[in-house]
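Novice: Provided below are the primary sequence and the corresponding predicted coordinates.
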Amino acid sequence: MGAHVLLCPDGTAATLTVDTDIDDQTRPDLESAADALPATVRELTLDLGPVVFVDSAVLHLIGSMQRTVERNGGRLRVAGLAPQPLRLLRLASALWPEARWDDYLRAC
């Protein structure tokens, strides 16, 4: 699948660590991993530390995961951005500030 989930003991927080490139082929499995989290998860950290390459699919992935945790009253944090994914998120932030991509940049 390309991801590993670590759930905190009380089930209110989770870290989803991605260890594969993110593109349209890998995104559905990663979204499924987030969708499979228990509804008790209020804080989801998307750890992209091992990820070397992303394309625009990462923006869709972040948006999808944000909606998933918001349904449960939670929030998403993005961590561990390597240089290429960081550049893409900075570019998205500059091109579409209304999407609030900079919120994820502050968390890094």
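Specialist: Nice, thanks for sending it over. Residues are numbered from 1 along each chain as shown.

Novice: can you list the weak-confidence ranges in the protein?
Specialist: Residues of the chain that meet the criterion pLDDT under 70 lie in 1, 107-108.

Novice: sec struct for the nearest residue to Asp35 once chain neighbours are set aside, please.
Specialist: Spatial nearest neighbour of Asp35, excluding adjacent residues (C-beta to C-beta, 6 or more residues apart in numbering): Thr68 at 6.0 Å. C-beta here means a position set from N, CA and C on the backbone, and glycine is covered the same way. Secondary structure assignment for Thr68 (DSSP: H, G, I helix; E, B strand; the rest coil): helix.

Novice: gap between Thr68 and Glu31?
Specialist: When distance is defined by C-beta to C-beta, to the nearest Å, Thr68 is 8 Å away from Glu31.

Novice: gap between the two ends of stretch 71-79?
Specialist: 21 Å (C-alpha to C-alpha, to the nearest Å).

Novice: and the contacts of that stretch?
Specialist: Contacts to stretch 71-79, defined as C-beta atoms under 8 Å, 6 or more residues apart in numbering, come from residues 39-49, 62, 65-66, 69, 89, 104, 107-108.

Novice: what subset of the residues you listed is buried?
Specialist: Buried members of the contacts of stretch 71-79, scored by 16 or more other C-beta atoms under 10 Å, are Val41, Leu44, Thr45, Leu46, Asp47, Leu48, Ile62, Met65, Gln66, Val69, Leu89, Tyr104.

Novice: which residues does the residue nearest to the first one when sequence neighbours are not counted contact?
Specialist: Going back to what we said before, that points to Val41. Leaving aside its chain neighbours, Val41 sits nearest to Ala14 (4.9 Å; criterion: C-beta to C-beta, 6+ apart). Going by C-beta under 8 Å, 6+ apart, Ala14 touches Val5, Leu6, Leu7, Cys8, Leu37, Val41, Glu43, Leu44, Thr45.

Novice: and what of Ser64?
Specialist: Applying C-beta under 8 Å, 6+ apart, one finds that Ser64 lies in contact with Glu31, Ala34.
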